[in-house]
Every structure is written in structure tokens, then in C-alpha cells.
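Q: The sequence isn't on hand, but the structure is:
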């Protein structure tokens, strides 16, 4: 059997081409959740620094972000980030969203959605259920520093759902009792 001198060159060329294709394919995948936000027309400062892990399914838009621990960041208002944040992304929109709360006056509200209707307006909208809060997009140009924090005052988690608490319930926590609606439980 006769071998050609061009066979090793052909094999090397095919191997090099395959490497180039694989490198191009892997460079198309976002390397961070911030890249994912940017590709969906959203500012990267929606999420804080300190993200340990993220998952994103491009086919459904669903994402999940894991922080080392819950934390607070001060922008125009105080924002609370749970250690696990999840939602569904589409262009200019995150909805539904869980794991972020915003303080307004002395109350905390879970942020149910975030949207940028028109980037040229310079506004971003936070849907907190009872009101649509507008912020300047410039507040979200960079990921904010986040300070470790427990659940914000006025919010309790019950069966994975956020429920509002009244201030007197926080005082009863000091005594080892937590009220959930009409039910009282020992604080853990």
C-alpha cells in the first residue's frame, strides 16, 4: 500500500480546523452571568459582585445565580439579594424574578420583575407588585458591592415564599417566637 506525503499534512489541517471550530463555538457561550445580562439588553449592575455560580438555559431564558451568602447593596434604594436568585430572561426583561427585594421608605418589597423599555430613556423599571419603581440606568452600570446580610427586616420566608412581617414580630423573635399570620412558632 502506497502512502502519500500529503496525508500527514491533510490530517494536521483537519485537526487544526476542528480546533478552530471548537474554539469559536466555546467563545460564543457567555462566560459570566454579566455577559448574559448584556446580551439581553440589561445592565450588568442588576446583580452584585460575588457570584459564585450561575446557570442559564438559552432555549427558555431561565437562569439561576448563586451567591456565597445573602447580601445588601445600596444604590438609590437598598436592595437585598438572597443567596439564590432566579428568573427568566428575554430581551430587556427579567420576569418572573425571585431572590431580590427593594426597600421603599421602611418597607421591603420582593422585586417581581425588571425591565428596560427603551435604553435611550435612561430608565429601568422594577416591578414590586404594588408599584412600578423607576431608577436611572446609570445606577446599574457596574455590579454593586454587597455586604453580607440576613433576610431584610419586614420579610420572612415561609415554605420558600416571602411573606411580610410587622415590626412587632421582629421583637418577638428576640424572645424566641416568630408569628406567621395567626400561627406562632419557636424561632430556629
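A: Okay, I see it. Since the structure is predicted, the reported quantities are computational estimates derived from the model, not experimental observations. Numbers count the residues shown, from 1 in each chain.
Q: Do I have it right that residue 87 meets residue 110?
A: No: using Cβ atoms under 8 Å as the test, residue 87 is too far from residue 110 to be in contact (11.7 Å). Glycine gets a C-beta too; all of them are placed from N, C-alpha and C.
Q: intersection of neighbour lists for the two?
A: Here residue 87 and residue 110 have residue 98 as joint contacts, going by Cβ atoms under 8 Å, 6 or more residues apart in numbering.
Q: any chance you could map the helices in this structure?
A: In the chain, helices defined by DSSP state H lie at 6-28, 33-39, 167-174, listed in chain order.
Q: so what's the residue nearest to residue 67 when sequence neighbours are not counted up against?
A: On the basis of Cβ to Cβ, 6 or more residues apart in numbering, the spatially nearest residue to residue 67 that is not a chain neighbour turns out to be residue 83, at 4.8 Å. The contact partners of residue 83, by Cβ under 8 Å, 6+ apart, come to 66, 67, 68, 69, 70.
Q: What's opposite the second one in the beta bridge?
A: Beta-bridge pairing of residue 67, defined through DSSP bridges, involves residue 51.
Q: ok, it to residue 145 distance?
A: Between residue 67 and residue 145 the distance, using Cβ to Cβ, to the nearest Å, works out to 13 Å.
Q: what's the overlap in contacts for these two?
A: Common neighbours of residue 67 and residue 145 (criterion: Cβ under 8 Å, 6+ apart): residue 48.
Q: Many thanks, I have nothing further to ask.
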